[in-house]
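# model this:
(one chain, ligands or ions: 1)
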Amino acid sequence: MIIGAETSKNFFNDLKDEQIQQCGVDLRVWKIFKLEGKGIIDFSNEKRELPKYIEIFNSEKDECITLDNGVYVVKVADYIKVPKNTAAFAYPRSSLLRMGSTLYSAVHDPGYEGRPEYLMHVFNPITIYKYARIAQIVFVECKDVRGCYDGIYKGK
Ligand SMILES: O=c1ccn([C@H]2C[C@H](O)[C@@H](COP(=O)(O)OP(=O)(O)OP(=O)(O)O)O2)c(=O)[nH]1
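Sure thing, here's the model as predicted:
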């Protein structure tokens, strides 16, 4: 079952009122990166390597950036704490889709905390202002959860 925003707003530290939606919470841009080089992914994570992240935008320092068509990684400004019996999924705001860009999200695991990073694909040039609301995250109750996330992305 989806956990509504009146509860899920408590999974964050300091949200702005505009971020609280009907059943989800809008997430703000913090940093945007271009990728340089290749990634390596395997079964055990032993060989796992991320590409180099080149920071091209930081909401703490920059007013806005215009992104040409391409692929970027976006790190959100909002620190999330996913409860133990809960998972979460982030979706692009429909306004972002209407502008010809999208975000791709993986699963936010029970027990994860941190500022998630999403893949952003720009199909039509877009100007992004600092702390722009670009995604909405929705939390769902989970049964039969097998432990909590304690991987390399926790707390970052
Ligand atoms: O699009 C997403 C979705 C999730 N997360 C956060 C929350 C999640 O709990 C954590 C790990 O995600 P996932 O389990 O998919 O990572 P992995 O590639 O399987 O790495 P690990 O081996 O650490 O599980 O990253 C993101 O940053 N971006």
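# just for the protein, where's the confidence low?
For the chain, no stretch is flagged by pLDDT under 70.
# all strands of it, in order?
2-3, 25-36, 52-58, 64-67, 70-76, 80-81, 86-92, 101-104, 113-114, 117-122, 126-129, 133-141 (DSSP state E).
# Now tabulate those strands in TSV and tack on distance to the ligand and mean neighbour count.
C-beta here means a position set from N, CA and C on the backbone, and glycine is covered the same way. Output for those, formatted as TSV (distance: least, CB to the nearest ligand atom, whole Å; neighbours: other CB atoms under 10 Å):
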stretch	distance to the ligand	mean neighbour count
strand 2-3	16	16
strand 25-36	11	20
strand 52-58	13	15
strand 64-67	18	14
strand 70-76	8	19
strand 80-81	8	17
strand 86-92	6	20
strand 101-104	7	18
strand 113-114	7	16
strand 117-122	5	19
strand 126-129	18	16
strand 133-141	9	21
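# Could you pull up the residues touching the nearest residue to residue 102 once chain neighbours are set aside?
The shortest distance from residue 102 to any non-neighbouring residue, by CB to CB, 6 or more residues apart in numbering, is to residue 92 (4.9 Å). Shown in contact with residue 92 (CB atoms under 8 Å, 6 or more residues apart in numbering): 101, 102, 103, 134, 135, 136.
# follow-up on the earlier one: now tabulate the strands of the chain in a markdown table and tack on distance to residue 14.
Shown next, in a markdown table, are the strands of the chain (distance: least, CB to CB, whole Å):
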| stretch | distance to residue 14 |
| --- | --- |
| strand 2-3 | 19 |
| strand 25-36 | 11 |
| strand 52-58 | 19 |
| strand 64-67 | 23 |
| strand 70-76 | 13 |
| strand 80-81 | 12 |
| strand 86-92 | 18 |
| strand 101-104 | 22 |
| strand 113-114 | 15 |
| strand 117-122 | 20 |
| strand 126-129 | 19 |
| strand 133-141 | 15 |
